[in-house]
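Asker: quick one: sequence plus predicted model below, questions after.
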Amino acid sequence: MERLDKFLADRGAGTRSQVKLLVKSGAVTVDGKVERNSGRKVDPATQRICLHGEPLAADSRLVVMLNKPAGFVTATEDKEEKTVMELLPPEYRNRDLKPIGRLDKATEGLLLFTNDGDLLHRLISPKKEVPKVYYARHEGTATGEDVQAFADGLTLRDGTVCLSARLEPLGPGESLITVCEGKYHQVRRMMASRGMPVTYLERKSEGSLILGDLPRGETRQLTEEEVARLEMQE
Ligand code: URA
């Protein structure tokens with residue numbers, strides 16, 4: 001059981017004081033009856049709570065996709081840098097979302113968040129080998145030899161050995177890179193090890209999830225079907 005005003009505020013209906021006014025105005029029903037007492041305890045799992053006639057979900061699992069812009073670090077807090085948490089719209093704040101994996105500050109594109117700790121840990125486990133596709137602009141032009149070296153498993157400049165990866169040259173200074181692991185600055189280091197430093201990097205997809213036309217800086221909730229596919233790829 002939790003307070004009605006907290007439940008509403010956590011779902012982005014407004015601040016606690018705005019929510020109180022909403023409830024007073026008769027905009028909220030609990031099991032079909034207008035409820036004007038915002039301090040009332042409710043059980044969202046069993047009661048139907050509606051705002052302006054629209055049902056609000058119980059605190060179910062939330063999985064959100066962000067098209068990350070450059071300039072934000074993947075962290076829940078940071079003393080100096082702007083974090084990806086600042087990009088979440090109000091309805092996703094206070095929902096205990098955490099990033100799944102990470103993108104570098106300069107990297108853009110697909111970044112997932114969830115409030116389901118179990119799902120989070122299963123998905124970031126190093127045992128997982130979900131293919132992630134990156135679009136890179138870089139110096140130089142990838143050759144057949146580079147493609148083969150990626151396929152064979154690169155050894156980075158510090159001796160780190162990478163799993164087999166796919167390099168698809170798209171044209172001069174542009175490639176798609178598919179990796180199944182997430183070592184620190186992996187794509188940038190792989191490309192640098194072949195003499196092609198990356199100047200721009202964007203994650204396009206992760207397993208079956210595709211960034212598609214989600215605008216930069218925007219978020220969207222995954223569909224039930226997408227979440228089911230995410231679980232299948234565990
Ligand atoms: N590889 C990188 O180098 N950076 C990222 O952000 C992701 C993969």
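Answerer: Yep, that arrived.
Asker: the nearest residue to D116 once chain neighbours are set aside - how many residues pack around it?
Answerer: Distances taken as C-beta to C-beta, 6 or more residues apart in numbering put R61 closest to D116, at 4.4 Å, once the chain neighbours are dropped. Placement of C-beta: from N, CA and C, glycine included. By the measure other C-beta atoms under 10 Å, the count of residues near R61 is 12.
Asker: for H185, same thing?
Answerer: Around H185 there are 14 other residues, counting by other C-beta under 10 Å.
Asker: so who does it touch?
Answerer: Applying C-beta atoms under 8 Å, 6 or more residues apart in numbering to H185 gives the contacts D104.
Asker: could you do the one 10 residues further on as well?
Answerer: With C-beta under 8 Å, 6+ apart as the criterion, the residues that contact G195 are E139, G140.
Asker: where is the longest strand in the protein?
Answerer: Using DSSP state E, we find that the single longest strand of the chain is strand 198-206.
Asker: which positions in that strand come out as buried?
Answerer: V198, L201, E202, R203, K204, S205, E206 (16 or more other C-beta atoms under 10 Å).
Asker: the bottom helix or strand of this structure by mean pLDDT?
Answerer: Least confident helix or strand of the chain, by mean pLDDT, DSSP states H and E, is helix 117-124 with a mean of 80.
Asker: which residues does the helix or strand that comes right after it contact?
Answerer: Proceeding N to C from helix 117-124, the next assigned helix or strand is strand 132-138, under DSSP states H and E. By C-beta under 8 Å, 6+ apart, the surrounding residues in contact with strand 132-138 are 109, 173-180, 182, 187, 191, 196-207.
Asker: who's the residue located most distally from the centre of the chain bridged to?
Answerer: In the chain, the residue that sits farthest from the middle, by C-alpha atoms, centre = their mean, is K33; the gap is 37.0 Å. On the basis of DSSP bridges, K33 is bridged to V30.
Asker: can you tell me how far D78 is from L66?
Answerer: Per C-beta to C-beta, to the nearest Å, D78 is found 16 Å from L66.
Asker: these two: which has the busier surroundings?
Answerer: L66 (27 against 14).
Asker: look up how far E168 lies from that one.
Answerer: 25 Å.
Asker: can you check G26 too?
Answerer: With C-beta to C-beta as the criterion, G26 and E168 are 58 Å apart.
Asker: which of these two has more neighbours?
Answerer: Using other C-beta under 10 Å, the more surrounded residue of G26 and E168 is E168, with 14 against 10.
Asker: surely that one and E174 touch.
Answerer: No: applying C-beta atoms under 8 Å, one finds E168 not in contact with E174, separated by 9.7 Å.
Asker: around the ligand, pick out the residues from this protein.
Answerer: Within the chain, the positions near the ligand by C-beta under 6 Å from any ligand atom are L103, D104, T107, H185, Q186, V187, R188, L201.
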